[in-house]
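Asks: Model the following, please.
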Amino acid sequence: MYVERLGVPLRWWVQGTMLLACFWLAFIVTPMPEAVSWALTGVIGCLIAGGYLWYGAATIRVDGSVFTAGRAHIDRSHIGEVLPLDTEAAHRLAGRDADARAHLLLRPYCRRAVRVEITDPRDPTPYWLISTRHPRKLAAALGWTADSAPAVEADAGADDPVG
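Replies: Now for the predicted structure:
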């Protein structure tokens, strides 16, 4: 069993808090009642927090016979080759080497990914490209082994290593 929630990073919460402070300061110096300034700030704070929680709610799950990525799911019997990708390979596959038919679950703060080949003849999707913080663990949960296929690791020595 593998479960990963793609929650937004702490730095997004810090930036959201700074943005909220800017709004509060702008509201508090205007000629409006103080209660209105605080209420507007509270509403904006709830919108920021709700947006972060909604965007970061995407979950990757591998259990039993089903692989789920966000709202999409597929039976594991329809999964072919699984390939953990480093930052550079994930960027290429999400960009210039992308297939328009692919299913993507990408988050900009998760720079690494896993490419999962789909073998269902009824499904026109050639592969899923899934952002993850732990590409080797996710790939292993889907049946990948270091012996079966190599991981793409161009920047394994970087500060954002695969695995």
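Asks: CA only for contacts and neighbour counts going forward, please
Replies: Fine.
Asks: what's the domain layout of the protein?
Replies: Split into domains by automatic domain parsing, the chain comes to 2-55, 64-141.
Asks: Tell me who's in contact with Leu40.
Replies: Applying CA atoms under 8 Å, 6 or more residues apart in numbering to Leu40 gives the contacts Phe27.
Asks: run the last query once more with 7 Å
Replies: Applying CA atoms under 7 Å, 6 or more residues apart in numbering, one finds that Leu40 lies in contact with no residue.
Asks: Assumed it was part of a helix.
Replies: Yes: per DSSP: H, G, I helix; E, B strand; the rest coil, Leu40 lies within a helix segment.
Asks: about what we covered before: just name the most buried of the domains of the chain.
Replies: Ranked by mean neighbour count, those are led by domain 64-141 with a mean of 18 (mean count of other CA atoms under 10 Å).
Asks: pLDDT on that one, on average?
Replies: For domain 64-141, the mean pLDDT works out to 94.
Asks: let's number from 116 now, not from 1
Replies: Sure, I'll start counting at 116 from here, so that last one is domain 179-256.
Asks: any chance you could read off phi and psi for the most centrally placed residue in the chain?
Replies: Centroid-nearest residue in the chain, with CA atoms, centre = their mean: Arg222, separated by 3.6 Å. Backbone torsions of Arg222, given as degrees, to the nearest 10, read phi -130, psi 130.
Asks: got the contact list for the helix or strand where Trp243 lies?
Replies: Taking DSSP states H and E as the definition, Trp243 sits inside strand 242-246. Contacts to strand 242-246, defined as CA under 7 Å, 6+ apart, come from residues 217-222, 225-233.
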